[in-house]
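Undergrad: fold the stuff below for me.
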Amino acid sequence: MRTAITAISIALAAALGAAGCASEPKNQRSAGQFTDDAALTAKVKTAIATDVGARAAAAVNVETFKGVVQLSGFIDSKDMGERAVAAARKVQGVQNVKNDLRLKSS
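TA: I've put the predicted structure just below:
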């Protein structure tokens, strides 16, 4: 439970920090879309923490724009990445998942 709350807090902080980054009208979201994306980011982060584990959730960055979720970061194994993508895809409201996860060098 503590991990899920931490994951949600991190996701919301990241989403709120990116609020002022849109500069072109096609890249702007309404307040409702922004809120929906922030909530979706938190749900995906929680799903990854629940399904894959806290270590994976800490390693995977989640960003959402108009329902499209982008996963990035460095992961320990290919299996961890596949499980993180699967966890993200099962979250209701996710339109698409972009997998930009990379394996750590040994």
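Undergrad: what separates stretch 31-44 from the chain centre, distance-wise?
TA: Averaging C-alpha positions (C-alpha atoms, centre = their mean, to the nearest Å) puts stretch 31-44 10 Å from its chain's average.
Undergrad: can you list the buried residues in the longest helix seen in the chain?
TA: When the chain is parsed with DSSP state H, its longest helix is helix 31-51. Within helix 31-51, the residues scored as buried using 16 or more other C-beta atoms under 10 Å are 34, 36-49. All C-beta spots, glycine's among them, are computed from the backbone N, C-alpha and C.
Undergrad: which of the residues you listed lies closest to L101?
TA: I48 (10.8 Å; C-beta to C-beta).
Undergrad: K26 versus that closest one, what's the distance?
TA: In this structure, I48 and K26 are 29 Å apart, going by C-beta to C-beta, to the nearest Å.
Undergrad: same for the helix or strand following the longest helix of the chain, what does it pack against?
TA: With elements assigned by DSSP states H and E, the helix or strand that comes after helix 31-51 is helix 54-59. With contacts taken as 3 or more C-beta pairs under 8 Å, 6 or more residues apart in numbering; DSSP states H and E, helix 54-59 sits against helix 2-17, helix 31-51, strand 68-75, helix 78-89.
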